[in-house]
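**Q** generate a structure from the sequence data that follows.
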Amino acid sequence: MKKFNIRKVLDGLTAVSSSSSSSASPPAGNPASDAVAESLQSEHFQLCKVHHLIFSSSSAQQLHHLARSRARRHTNHLRHFGRPGVECYCQHDSGAAVIQLQFLINEGALVSALADDSIHLWNLRQKRPAILHSLKFNRERITFCHLPFQSKWLYVGTERGNIHIVNVESFTLSGYVIMWNKAIELSSKAHPGPVVHISDNPMDEGKLIIGFESGIVVLWDLKSKKADYRYTYDEAIHSVAWHHEGKQFICSHSDGTLTIWNVKCPGKPAQTITPHGKQPKDGKKPEPCKPILKVEYKTTRTGDPFVILSGGLSYDTVGRRPCLTVMHGKSTAVLEMDYPIVDFLTLCETPYPNDFQEPYAVVVLLEKDLVVIDLAQNGYPIFENPYPLTIHESPVTCCEYTADCPVDVIPALYSVGSRQKRQGYSKKEWPISGGNWGLGTQSYPEIIITGHADGSVKFWDASAIMLQVLYKLKTAKVFEKSRNKEDKPCTDIVDEDPFAIQIMSWCAESRMLCVAGVSAHVIVYRFSKQEVTTEVVQLLEVRLQYELSDTDSPEMVAEQQSLPGSTSSPQTSAPPSHPSTSSSSSDGIRDNVPCLKVRSAPLKQSPGYQVELVVQLVWVSGEPPQQVTSLAVNSSYGLLAFGNSNGLAIVDYLQKTVLLNLGTVELYGSNDPYQRQPRSPRKSRQPSGGLCDISEGSTTSEDRCKSPTSGKRWSASAGRGSARFVRDGCCTSLLSRPTVLLSVCPLRAAVPPDARDSSFSRSRSSSVTSIDKEAREAITALHFADTFARRGESCAAPTLWVGTSLGTVLAVALSLPPPGEQRLLQPVIVSPSGTQIRLKGSILRMAFLDSAGAILPPAHEAWYEPNAHDEREEREKARKRRPVSVSPSASQDLGEIHYAVVCSEKQAKVLALPTQSCVFKHNITETSFVLRSDVVQMSNGVCLTCFCANGHIMALSLPSLRPLLDVNYLPLTDMRIARTFCFSNHGQAMYLTSPTEIQRITYSQEMCENLQEMLGELFTPVETPEAPNRGFFKGLFGGGAQSLDREELFGEFAAGKASRSLAQHIPGPGGIEGMKGAASGVVGELARARIALDERGQKLGELEERTAAMMASADSFSKHAHDMMLKCKDKKWYQF
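**A** A predicted model of the protein is given here:
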């Protein structure tokens, strides 16, 4: 019987409805309808979450030990760490913050206590941890939990000072309760406060020590149900720790002191220590210090014990960073941390509390990092952290996600990134080694690039489930630093973070990187494996402005630029060096001034990304430059293009010149389809890195830029008519350089728009009039391609496609000189082609397909070492090693066609080139708008993906634009999601849900099916260490550790049932996850049983060997005794 597939039925219905809404269905005989065979179907798509990464934050968090794996908390989230590469994220549904974690050591389970007075039991035996049981307290607030090693009874301390006991297996309360008034009796007249510590005596499980916040410590006898001793101190207690022999314990207090108590001497402490307090000479009490929040007391067999504490610094240490103090014998080491300490945990060789602990490392949880200190080496070095915990040292402002990048990129980035790491790490391996790796590594490499508010750029290896930082670039090094508050950059366009990264463009094949910042600056970087010192940073300044005026025509601008003696150009009045941010005109209006000052001193650049060129937009007649809204770089052409709400600029970064600098209106020429009205200039302050609607800002109306400003450094001796360009120490007259003529003649006829496309009103805001919006048109998308720029062309050529916020796509033709030396000497000719394509809504994405429907990637140059001694030879090696990618149509027949894919906020179109006829059109959404879109390569074909503001994620086939996927995934609740959402090849996508959380998702059915195998395992059963030997005499006289049958004390038969109103039991989620957990639990039980059998067989074998040795010894003794008897048999007594 054939299986019924409802998805195909829905797919057919969707296709019918979409075809009815399309206004440009392909005519009969159109090669677009029958020549391209599409292999992608709806069953190839499924949306699911791949992995959720939590990066450290400032909320309180906890750590605990589980077979050398760790867990940490972030509000209601849990993040588990194992060996490098083993990581898991989970969260509580209630949303309450986690206050404490307790592992069932070597049992594959975890108990979490939440701020809403609930405790939860997590099953870690499955790849996706799930809650098995929950217990919600109704009348008391939970303050502390303690679970003894190899025990199923959990002690829960409350704010009222009572202690309740929970059976971890059934998650039910015992009738045994320790009441606060019974514990303190008459030792205090007031309430002792909440319970801050619970732990059992290492040598006697029947003795429980209870610490109250007020300073009272009680040693409770569980069997007799009364207090043996009470210890009182006049300072509040924060933590308590036992000596392993159970005869002493140590307390940390709020005045920065440590008190050591003998168990049988409750009158006063045996010793009082103030680690960071100044000792007065007259013997008085030391000055109080800050509270010691936690202390641990660990012993060793061969040396002095370790006392490790956090806090306790003197109050006069203003500005000192948080410290962890390690006291070992007579030495005291103070280890400063970069961030405040949240918690710490000492790693020991044994889990038994009644044995020498032998500490070897300390795990310190900071607000924004996780540090592990090696206690076995002198100086206490730290281990190199393999976990990605510092993604948001500075907030993430933008992201790029590249799947299936060249295989040599990640090793190259790792090679230069490893040199950035500081020295002095411990030589030992990372001590956290729990869990097993999954099959999480893809068959193709993946890289995530994050831009940050401080101007830094980080490259992450995302090939596995877990991220690994590869390389960090600091773009702020290019600019001068302000030495004081008065010497701040005179930007006036950003309130803070003037170096924040806004847009990034990366060519993986050539490794060219281009970043745009919020201060209207663009930086071009090349990748090099050699260190270099740049004497002068090469700089271009661009006056990019927007004006609607009838006095100057584009022809007049071109004519003025072609005049060799024109003195009105800003080139002739440039300052003698990098422009100062304090420059202004005679009437006080700031003009020709960039927002940031480029560094004038030599710049030492380490291996990695090195500055090639800095482009800055300058102030124009008192108006600040607008932020860059689109960016593109092409390594094969050697060109950089960027645009903003004023216009478009094209830069030749090889010759360091500006090729095109036009307002958006000038790109249309005389064929502007919009009725625009001039607007009065209005100065505006722009947000620093936030996502804003680029069509709803202010506009400017300054003087038109007569010619592009170019130059690296101006010579002070040059006259007004003979400005010179200093490059590599040689002075070259700017006017002697080849003049680039801008073709701004009347444009050819544009593609006639459809009647349905005549309305271009946007759906984001109804408060802005259509005239107001049409008067300002921003550049929103840029794409370099080898295709047909004009209608009817017979040969593909380099082009730049420009998309605007009013839904227009314009094509700019590029004429490049031959490669080699001529490319550096001859000019690049740039001319608008007259091609216009119009869609509803702002243009988001453009791409091109060949006649078979495959993606036409932009041409690129193979990477070569730019700092090599023989650059030509290096380029030739690179070309032989990896040929330059060019468009396939360059060498094909004249009848070859391309498909242009254009996606806007409202619709998508596919046009056939060079005829420029619309062959397919699809209205994506009517009630919302598209935030992100991309043309991605799947395993079976190519598709167009979209993420809408209403939360829908869609996939459309190409070139037919047939709907393949439409899932209501995530409503837009945070602009951060819109700013960081990225699609990539092979069904991958990602976004930031908060400043500290990355969510990776997939829309590929194949990956969803294999996702379970890709995940690692958190729990692997290990052999429990053998308990410490009690010794013959301790066993004979009862001096060893005393065990306790807790079941006999806390069970229902002895203690009765607890009150039902005290707590409510909530069973965990059932279904498939519960069944998987139960199945994995059975497997774990079998594994433990097998280990137990192996241990028993091994011990029986050892017993047999010892028995045989004893028998042999007895035989030998009998033989010697018989010989002695024979020897002495006939002797008299006096003969001995």
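
**Q** where's L101 relative to V111, distance?
**A** Taking Cβ to Cβ, to the nearest Å as the measure, L101 falls 7 Å from V111. In short, each C-beta sits where N, CA and C put it, glycine included.

**Q** now L856
**A** 57 Å.

**Q** kindly report the same for K264.
**A** In terms of Cβ to Cβ, K264 sits 33 Å off from V111.

**Q** L648: neighbour count?
**A** L648 has 25 neighbours, counted by other Cβ atoms under 10 Å.

**Q** what residues are bridge-paired with the closest residue to it other than its chain neighbours?
**A** Excluding its sequence neighbours, the residue lying closest to L648 (Cβ to Cβ, 6 or more residues apart in numbering) is I779, at 5.3 Å. Counting by DSSP bridges, I779 forms beta bridges with T804.

**Q** look at I779 and report its pLDDT.
**A** On pLDDT, I779 comes in at 94.

**Q** okay, how far is it across stretch 136-144, tip to tip?
**A** 15 Å (Cα to Cα, to the nearest Å).

**Q** what residues of it count as buried?
**A** F137, E140, I142, T143, F144 (16 or more other Cβ atoms under 10 Å).

**Q** who's in contact with it?
**A** 99-100, 113-114, 116-119, 156-160, 162, 164, 194-198, 1061-1064, 1066 (Cβ atoms under 8 Å, 6 or more residues apart in numbering).

**Q** out of those residues, which are inside strands?
**A** Taking DSSP state E as the definition of strands, the contacts of stretch 136-144 contribute 99-100, 113-114, 118-119, 156-158, 164, 195-198, 1063-1064, 1066.

**Q** mind checking which of the buried residues of stretch 136-144 are in helices?
**A** Counting by DSSP state H, none of the members of these fall within helices.

**Q** redo those residues as CSV? Include pLDDT.
**A** Output for those, formatted as CSV (pLDDT from 0 to 100):
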residue, pLDDT
F137, 92
E140, 91
I142, 93
T143, 94
F144, 94
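
**Q** distance to F1050 added to these, as TSV?
**A** Formatted as TSV, the buried residues of stretch 136-144 follow (distance: Cβ to Cβ, whole Å):
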residue	distance to F1050
F137	17
E140	18
I142	18
T143	20
F144	18
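
**Q** specify which member of the residues you listed is nearest to S1004.
**A** I142 (43.3 Å; Cβ to Cβ).

**Q** sorry, back to before: please list only the buried members of the contacts of stretch 136-144.
**A** 99-100, 113-114, 116-119, 156-158, 160, 162, 164, 194-198, 1063.

**Q** tell me which stretches of the stretch 951-1100 of the chain form helices.
**A** 975-980, 1005-1014, 1032-1037, 1046-1050, 1052-1055, 1071-1127 (DSSP state H, counting those that start in this stretch).

**Q** lowest average pLDDT across those?
**A** helix 1032-1037 (a mean of 52).

**Q** got the contact list for A361?
**A** Contacts for A361 (Cβ under 8 Å, 6+ apart) come out as T346, L347, V372, I373, D374, L375, A376, F383, P431.

**Q** quick one, which of these are buried?
**A** Among the contacts of A361, those classed as buried by 16+ other Cβ under 10 Å are T346, L347, V372, I373, D374, L375, F383.

**Q** could you export these as JSON lines, including distance to D591 and pLDDT?
**A** Output for these, formatted as JSON lines (distance: Cβ to Cβ, whole Å; pLDDT from 0 to 100):
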{"residue": "T346", "distance to D591": "63", "pLDDT": "92"}
{"residue": "L347", "distance to D591": "63", "pLDDT": "91"}
{"residue": "V372", "distance to D591": "55", "pLDDT": "91"}
{"residue": "I373", "distance to D591": "56", "pLDDT": "92"}
{"residue": "D374", "distance to D591": "59", "pLDDT": "93"}
{"residue": "L375", "distance to D591": "62", "pLDDT": "92"}
{"residue": "F383", "distance to D591": "55", "pLDDT": "87"}
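
**Q** from these, which is closest to D1045?
**A** Nearest to D1045 among the buried ones among the contacts of A361 is T346, at 29.8 Å by Cβ to Cβ.

**Q** host element of that closest one?
**A** Secondary structure from DSSP states H and E places T346 in strand 341-348.

**Q** just the strands in the stretch 551-700 of the chain please.
**A** Using DSSP state E, counting those that start in this stretch, the strands of the stretch 551-700 of the chain run over 603-605, 608-617, 628-634, 639-644, 647-652, 657-663.

**Q** how about these, which one is nearest L972?
**A** Here strand 628-634 is closest among the strands of the stretch 551-700 of the chain (Cβ to Cβ), at 19.4 Å.

**Q** stretch 78-86 - what's its average pLDDT?
**A** 75.

**Q** picking that back up, more neighbours: which of K264 and V111?
**A** The residue with more neighbours, out of K264 and V111, is V111; 23 against 9, by other Cβ under 10 Å.

**Q** how about the contacts made by that one?
**A** So V111 contacts L101, Q102, F103, L104, I119, H120, L121, W122, C145, L147, L154, V168 (Cβ under 8 Å, 6+ apart).

**Q** most neighbours, which of those?
**A** Busiest of the contacts of V111 [other Cβ under 10 Å] is W122, holding 27 neighbours.

**Q** confirm that residue sits in a helix?
**A** No - W122 is assigned strand when assessed by DSSP: H, G, I helix; E, B strand; the rest coil, not a helix.

**Q** what pairs with it across the strands?
**A** Beta-bridge partners, per DSSP bridges, of W122: L110, I131.

**Q** from Y155, how far out is it?
**A** 19 Å.

**Q** show me what contacts the closest residue in space to V809 that isn't next to it in sequence?
**A** With sequence-adjacent residues excluded and distances taken as Cβ to Cβ, 6+ apart, V809 is closest to I837, at 4.0 Å. I837 sits next to V751, T808, V809, A900, V902, K909, L911, Q916 when contact means Cβ under 8 Å, 6+ apart.
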